[in-house]
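Novice: For reference, the sequence and a predicted model appear below.
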Amino acid sequence: MDVDGIVATMTPHERASLLAGASHWSTVAFPEHGLPAVEMSDGPHGLRHQTGAADHLGINASDPAVCYPTASALACSFDVELVEEVGRAIGEEARDQGVHVVLGPGVNMKRSPLCGRNFEYFSEDPLLAGELGAAMVRGIQGTGVAACVKHFAANNQEHARQVSNSVVDERALREVYLAPFEHIVRRSAPWSVMTAYNRLNGTYCSEHPWLLHDVLRGEWGFDGVCISDWGAVSDVTASVAAGLDLCMPGPRDDYAATLEEAVAEGRLPQESVDAAAMRVVRLAARVHDAASPANGRSSAAEQALPAVASGLELARRAAARSAVLLENDGTLPLAPSARIALIGEFAVEPRYQGAGSSKINPVALDNLYNELNDRGCAVSYARGYDRASGATSSELVREAVETAAASDVAVVVAGLPDCFESEGFDRKLMVMPRGMNELIERVAAAAPRCVVVLQGGAPMELPWRHRVDAILLAYLAGCRGGAALADLLLGAVSPSGKLAETWPARLEDTPLGAAFPDFDNEVRYRESVLSGYRFYDAAGVEPAYPFGHGLSYSSFAYGDAELVEADGAWQVVCRVRNTGDCPARDVVQLYVAAQDSPVYRERQRLASFASVELAAGEAATVRLPVEREALRVWDAGAGAWRVLAGRYELRVASSSRDVRACIRLDLVAGPSLAGDVVAPAELSAEMLAPVDDAYIHLRPGAFDDEAFASLPGLVLPPRRQVTPFTIDSTVADMNASPFGRLALRLIDRVMRKPMAEVEGQTREMISEIVADMPLRSLTSSGVSMRTVEGLVFMLNGCYLRGLRRIVAFWLKARRELAAQRFRS
Ligand code: BGC
């Protein structure tokens, strides 16, 4: 496709029209210029391709597809090749279904275990999320389908997600929240990035010139398309001026006219429109040229591949590789002859994916009960609790206890029900349902041995964890999770997953304590760079299970580590031996710990990881790169990365808390294999200025606004005012106006019946999303922006002016329609 030629033949109006979607999922086509439409679909752990009614919350049907483990599970594999393979399989399926852009991967950092959407994200560690995200992009794009890396940036809570303002200091932003995006853009050149709903330090991400133009394109060299999250655009002109290319969803009748007016009035350079149009055409060229049989990627033979069958096999392998053995006293693997009491409704109706825009209609779905029976195991089943709520009853407990007492081993499958976590709202507590906890305690007391299998997208408090014999964490394992769990429980596969996030013992131990989500719409990232294990390590808080933890049915011995130079870079090499009696895989981690840092920072940081698969008694050498990324800090005063001279420890580890070998690395100022090293005295004055003690002597929940304000370069914004109303006011804000309260009562009455027909957790998601929805989002449901503006006037008490605007628009629309009818 001739990109420049196509853009050159388009009129300015056509170029402006190209910048908003034609429908919920596609871009505008201009067949007369040889420009086809680009079709998009969620992502990220399978395809949600809607050919009927469309929505961005996973409510309407979608075509069947393979459902892979969600990102929080997949990340525990620490397996770059596997994630790339999953990406490739999703890309193949997309291509088969005529989809050109997969809306994923999601690489936002986990600030708190409570974020409702954590299941869709990889990790609390930027390097791990970056490596895995880059692998998924390579996989998807290797099939000629574009990946869309989301949600850019600092989109880490669901509450008020469309209007909240993430207030982040520059170091945390660079070192933690932008870092995975930077890694992915630099390493695997995604063809698109999705701009997040929220504001970042006061400006919406979709209209953030610094974020999109200076950093993403300028510094990192991104040459793809910036696509808005669905309904994220607030100020059309500001968005295009800042570097947003495509506003989704469409159609947006007002879009082109608004841009043309802004150009005519000199508020927007025509070049901004042209550049965005050129990037959208380039995306179309990339995906359509790649999909043509001529380039050899999509031959008839390849298209005939039994993609679904191989996808299901891959989903099973991925789920097995992602599960984490948290505890085991030798009860696992189960003996083939063991009489198993299988307890809990998740064993027959698993929790295997999350709710919201990522919800897949799986081509097939297995379960642990059938899989154990198919393998000839002696299984007796008790329901244990109600799947929807997690509640139990004395009758269900009695039945479970009797079943457990008559077995050799009880396997209780429990975790988080659907209603506990979802896109659109955050969890309030870190607990599992009380009924499930009670059931586990009672079964553990009655059974000769008790194993707990956990299903859920994020960490949970496990008050019974010292009273059971083994805990196997599946997370949300996708549609072949049942087969994978059976393989693991019976020892056909040894568990090798490692936690990609810390499992704190209690919510009170987390850096933010109960102060999450931030309900004020100002989301203050007070913990700065000290999130996840970086916080727990520095605060000396003992987690239930640390970052990187995961047991095996085998054991591994690590030899001495050595620092070597290879291909002009540093590498730590270490010999690892399988000292157990079964074949197994180990994930070896390398952490870098700066000693005596002149600036506040984490105690240690993941620098790289590698995995080895070893037969019993076998040994191999692992190689762990030490790159600049693992050593650098962001000097907010100088606006530059710095690697500081000083002493570092390189730790070869089996988890962040299980260090097996250490090497000292002394860096001196000057050139090094990790680039230039500077003396601490060369840091900017802002960096060297003292910070509040809260960042030196850490305690859970101790970061306050005063401490936060002491960070270099940070300006705390004033609190948000609800009135006067604007197009960015939320539906919930309408309660602050008499007219708004009346309108809400009417809407409530109209919606009562249809809402009653929606299932529980989807209802909660819709209610929360609607309450947090900015009024401008009504344009996504076909309401014109003029009508929204009229509504805003009325909320502000200007009833006549508001009404006039709505009526004038309505009359104009009618006139245009009549004229159109007359013409045709
Ligand atoms: C989500 C995105 C998703 C989009 C389209 C939004 O609500 O935040 O992740 O890709 O909808 O479904």
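Specialist: Sure thing, it's come through.
Novice: how many other residues sit next to the residue of the stretch 551-700 of the chain found nearest the ligand?
Specialist: Ranked by CB to the nearest ligand atom, the top residue of the stretch 551-700 of the chain for proximity to the ligand is residue 606, at 25.9 Å. Quick note: C-beta positions are derived from backbone N, CA and C, even for glycine. Applying other CB atoms under 10 Å, we find 26 residues neighbouring residue 606.
Novice: Spit out the contact partners of the residue of the stretch 301-450 of the chain found nearest the ligand.
Specialist: Closest contact between the stretch 301-450 of the chain and the ligand, by CB to the nearest ligand atom, is at residue 357 (3.5 Å). Residue 357 makes contact with 42, 48, 56, 57, 58, 103, 230, 423, according to CB atoms under 8 Å, 6 or more residues apart in numbering.
Novice: same thing with residue 202?
Specialist: Applying CB under 8 Å, 6+ apart, we find residue 202 in contact with 165, 717.
Novice: And it, how far from residue 69?
Specialist: 37 Å (CB to CB, to the nearest Å).
Novice: before we move on, what about residue 402?
Specialist: Relative to residue 69, and taking CB to CB, residue 402 is found at 34 Å.
Novice: Could you do residue 542 as well?
Specialist: Separation of residue 542 from residue 69 (CB to CB) stands at 28 Å.
Novice: okay but residue 384 is in contact with residue 410, surely?
Specialist: No: Residue 384 is not in contact with residue 410 according to CB atoms under 8 Å; the separation is 10.0 Å.
Novice: if I look at these two, which residues touch both of them?
Specialist: The contact sets of residue 384 and residue 410 overlap at 343, 400, 443 (CB under 8 Å, 6+ apart).
Novice: Please list the members of those residues that lie in strands.
Specialist: Of the positions in the shared contacts of residue 384 and residue 410, residue 343 sit in strands, assigned by DSSP state E.
Novice: got CSV for the shared contacts of residue 384 and residue 410, with neighbour count, pLDDT and distance to residue 483 too?
Specialist: As requested, the shared contacts of residue 384 and residue 410 are arranged in CSV below (neighbours: other CB atoms under 10 Å; pLDDT from 0 to 100; distance: CB to CB, whole Å):
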residue, neighbour count, pLDDT, distance to residue 483
343, 33, 98, 20
400, 27, 98, 24
443, 29, 98, 24
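Novice: which stretches of this structure aren't confidently modelled?
Specialist: 291-306, 759-761, 824 (pLDDT under 70).
Novice: tell me which parts of it are close to the ligand?
Specialist: Selection of the chain residues close to the ligand by CB under 6 Å from any ligand atom yields 42, 56, 103, 150, 229, 230, 357.
Novice: mind redoing it with 8 Å?
Specialist: Neighbours of the ligand within the chain, by CB under 8 Å from any ligand atom: 40, 42-43, 48, 55-58, 103-104, 106, 120, 148, 150-151, 161, 194, 197, 229-231, 248-249, 356-358, 423.
Novice: so of those residues, which ones are in helices?
Specialist: Among these, none falls in helices (DSSP state H).
Novice: I figured residue 489 hits residue 333, correct?
Specialist: Yes: Residue 489 is within contact range of residue 333, at 6.5 Å (criterion: CB under 8 Å).
Novice: So between the two, which is more surrounded?
Specialist: Taking other CB under 10 Å, residue 489 and residue 333 do not tie; residue 489 has more neighbours (28 against 20).
Novice: excluding its backbone neighbours, what's nearest that one?
Specialist: Spatial nearest neighbour of residue 489, excluding adjacent residues (CB to CB, 6 or more residues apart in numbering): residue 334 at 5.5 Å.
Novice: check contacts around the residue of the stretch 151-300 of the chain found nearest the ligand.
Specialist: For the stretch 151-300 of the chain, the residue closest to the ligand is residue 230, as judged by CB to the nearest ligand atom, at 3.9 Å. Residue 230 is in contact with 24, 56, 248, 249, 357, 780, counting by CB under 8 Å, 6+ apart.
Novice: Over to residue 272?
Specialist: Contacts of residue 272 (CB under 8 Å, 6+ apart): 240, 241, 243.
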